[in-house]
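[1] sequence unknown, structure follows:
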């Protein structure tokens with residue numbers, strides 16, 4: 001996604017954000033199609049059902065030994081983010097402003113994107129793809145604790161964990177005798193929440 005956005009040349013400001021979003025949509029659709037193709041060719045009907053259930057996010061198969069991988073990676077991601085708090089605060093004013101403050105944009109973006117990709121890959125390999133947690137929770141916390149990343153990053157990490165656990169509980173009790181994928185619950189909550197964030201941002 002980063003490579004495609006770079007080749008497409010997003011410029012700065014709103015156009016840069018739009019190019020990254022479009023690159024993300026293109027990458028997501030392509031790899032979703034490849035995933036579906038692999039599943040269709042390699043799995044039986046029952047296996048395909050289990051894989052699709054897992055792809056929507058599910059903590060039922062997660063065991064304590066998985067924490068030996070998840071916890072260190074999560075701690076690493078949090079540590080790297082906290083180390084770049086001043087950089088993130090500078091980015092809030094735009095890439096040009098951050099560069100004017102002497103920040104190495106390429107290095108900072110490379111480190112932060114690589115860290116986010118690593119943490120996401122490990123968590124998805126354990127629990128599947130659970131959407132909207134990382135998209136909605138940071139915006140919600142920004143309204144509560146402000147935009148300073150020294151407070152925003154720890155608050156978002158804690159709130160994201162709480163939100164995920166609550167979504168897991170809801171997925172197990174909303175339909176008696178059946179466990180829903182957590183991604184269904186987070187999407188039903190997160191999509192309207194993200195729509196409100198967009199509307200509020202437009203009004204500003």
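    Yep, it's here. Note that the structure is a prediction, hence the values are computed from the model and not measured.
[2] low-confidence ranges in the chain?
    Along the chain, the parts satisfying pLDDT under 70 run over 10-17, 201-204.
[3] can you tell me the centre-most residue of it?
    Nearest to the centroid of the C-alpha atoms of the chain, with distances taken as Cα atoms, centre = their mean, sits residue 134, at 3.8 Å.
[4] who's in contact with the strand or helix carrying residue 4?
    Residue 4 is part of helix 2-8, with elements assigned from DSSP states H and E. In this structure, residues lying in contact with helix 2-8 by Cβ atoms under 8 Å, 6 or more residues apart in numbering are 16, 19, 20, 22, 23, 26, 27, 109, 113. Yep, even glycine has a C-beta here, placed from its N, CA and C like the rest.
[5] tell me the helices and strands packed up against the lengthiest helix in the chain.
    Of all the elements of type helix in the chain, the one with the most residues (DSSP state H) is helix 14-42. If contacts are counted by 3 or more Cβ pairs under 8 Å, 6 or more residues apart in numbering; DSSP states H and E, helix 14-42 sits against helix 2-8, helix 45-55.
[6] buried ones in the first one?
    Read it as helix 2-8. Using 16 or more other Cβ atoms under 10 Å as the test for burial, helix 2-8 gives residue 5.
[7] same check on the longest one?
    Residues of helix 45-55 classed as buried: 51, 53, 54, 55 (neighbour count, 16+ other Cβ under 10 Å).
[8] pick the one among those closest to residue 66.
    Closest approach between these and residue 66, by Cβ to Cβ: residue 54, at 13.4 Å.
[9] for the closest one, which non-adjacent residue is spatially closest?
    residue 128 (4.5 Å; Cβ to Cβ, 6 or more residues apart in numbering).
[10] tell me how far the one you found lies from residue 200.
    30 Å (Cβ to Cβ, to the nearest Å).
[11] quickly list the domain ranges of this protein.
    If the domains of the chain are taken from the TED database, they occupy 61-127, 128-203, with pieces of a single domain joined by a plus sign.
[12] most tightly packed of these?
    Comparing the domains of the chain on average neighbours per residue, with mean count of other Cβ atoms under 10 Å, the densest one is domain 128-203 at a mean of 16.
[13] show the secondary-structure elements that the helix or strand containing residue 163 is packed against.
    Secondary structure here is read from DSSP H and E; on that basis residue 163 sits in helix 149-173. Helices and strands in packing contact with helix 149-173 are listed as helix 67-83, helix 85-91, helix 133-145, helix 182-203; criterion 3+ Cβ pairs under 8 Å, 6+ apart.
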